[in-house]
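[1] Okay, predicted coordinates and the sequence, questions at the end:
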Amino acid sequence: MISVVKHLNIVNSDILAAYILQKCGAMSHLKLQKLVFYVQAYHLAYFNTDLISDEFEAWIHGPVSRKLYESLDAKNTLYSDVVYEEKNDSPDTVFNELLTNDQLQLIDDVLEELSPLTTLQLESIIHAEMPWKAAREGYGVADKCHVVIEKEMMRTFYKTLIYGEETAQEARA
């Protein structure tokens, strides 16, 4: 299904968050962080490159992009709903100009699969996955942690989820 793509663009995480909010509606800051993480993780796995440049820290409730957190912090707490705010250019317009059809399809597929889940369901899934667990190694369940989740581990782990172990190993070679 992967077509040969000459160049894949990186987008700003604020635009990705706006796209998610526009597509999926208002949600908690916690859920939004998890969906942004999953879109990035599956983009890394599928295309072997970043969709956003943000790094994710292994916070207590799951991965957090500090950049996105700080851009939303003045407006929200982790438990209040974040809503889509109309700007000059809609995220759809920006995405259609910058991203390939394959990238858009991947983002929409991830959101279709994961956005119906609750924040707690997403947190439970993430807490069982190696990238978050590895970054939190040595930390207690309630300990603050700002360790960055390694992008290579994200790429490898989620590639294995997509393709299975043997195919993922072939894709890494």
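    It's in. It should be emphasised that the depicted structure is a prediction, and the values quoted were computed from it without experimental measurement. Residues are numbered from 1 along each chain as shown.
[2] which SSE is the residue nearest the centre of the chain in?
    Nearest to the geometric centre of the chain sits F37, at 2.0 Å (C-alpha atoms, centre = their mean). Per DSSP states H and E, F37 falls inside helix 29-47.
[3] by contact count, what packs against that helix?
    helix 13-24, strand 62-65, helix 66-73, helix 101-114, helix 119-127, helix 151-163 (3 or more C-beta pairs under 8 Å, 6 or more residues apart in numbering; DSSP states H and E). Just so you know, the C-beta spots here come from the backbone N, C-alpha and C atoms, and that holds for glycine as well.
[4] weakest of these in terms of mean pLDDT?
    Ranked by mean pLDDT, the helices and strands packed on helix 29-47 bottom out at helix 66-73, which scores a mean of 87.
[5] Give me the contact list for the very next helix or strand once past that one.
    Following helix 66-73 in sequence order, the next helix or strand is strand 81-82 (DSSP H and E). With contacts defined as C-beta atoms under 8 Å, 6 or more residues apart in numbering, strand 81-82 is touched by 17, 21, 26-29, 32, 72, 75-76.
[6] For M130, grab the count of nearby residues.
    Neighbourhood size, M130 [other C-beta atoms under 10 Å]: 14.
[7] so who does it touch?
    By C-beta under 8 Å, 6+ apart, the residues touching M130 are 153, 157.
[8] now it: how far from A58?
    M130 is 11 Å from A58, where distance means C-beta to C-beta, to the nearest Å.
[9] what do you get for L35?
    Distance from L35 to A58, by C-beta to C-beta: 17 Å.
[10] Pick out whichever of these two has more residues nearby.
    L35 (25 against 21).
[11] So that one sits against L21, correct?
    No. If you go by C-beta atoms under 8 Å, L35 and L21 don't touch, sitting 9.5 Å apart.
[12] Only the C-alpha atoms, please, for the helix holding F37, written as CSV.
    What follows is helix 29-47, C-alpha atoms only, in CSV (Å, rounded to 0.1, in the frame of the first residue of the first chain):
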residue,chain,number,x,y,z
HIS,A,29,-6.3,17.8,26.7
LEU,A,30,-5.2,14.3,27.9
LYS,A,31,-7.1,12.6,25.0
LEU,A,32,-5.8,15.1,22.4
GLN,A,33,-2.2,14.5,23.5
LYS,A,34,-2.7,10.7,23.1
LEU,A,35,-4.2,11.1,19.7
VAL,A,36,-1.4,13.4,18.5
PHE,A,37,1.1,10.8,19.9
TYR,A,38,-0.6,7.9,18.1
VAL,A,39,-0.8,9.8,14.8
GLN,A,40,2.9,10.6,15.0
ALA,A,41,3.8,7.0,16.1
TYR,A,42,1.9,5.4,13.2
HIS,A,43,3.3,8.0,10.8
LEU,A,44,6.8,7.1,11.9
ALA,A,45,6.0,3.4,11.6
TYR,A,46,4.4,3.6,8.2
PHE,A,47,6.5,6.3,6.4
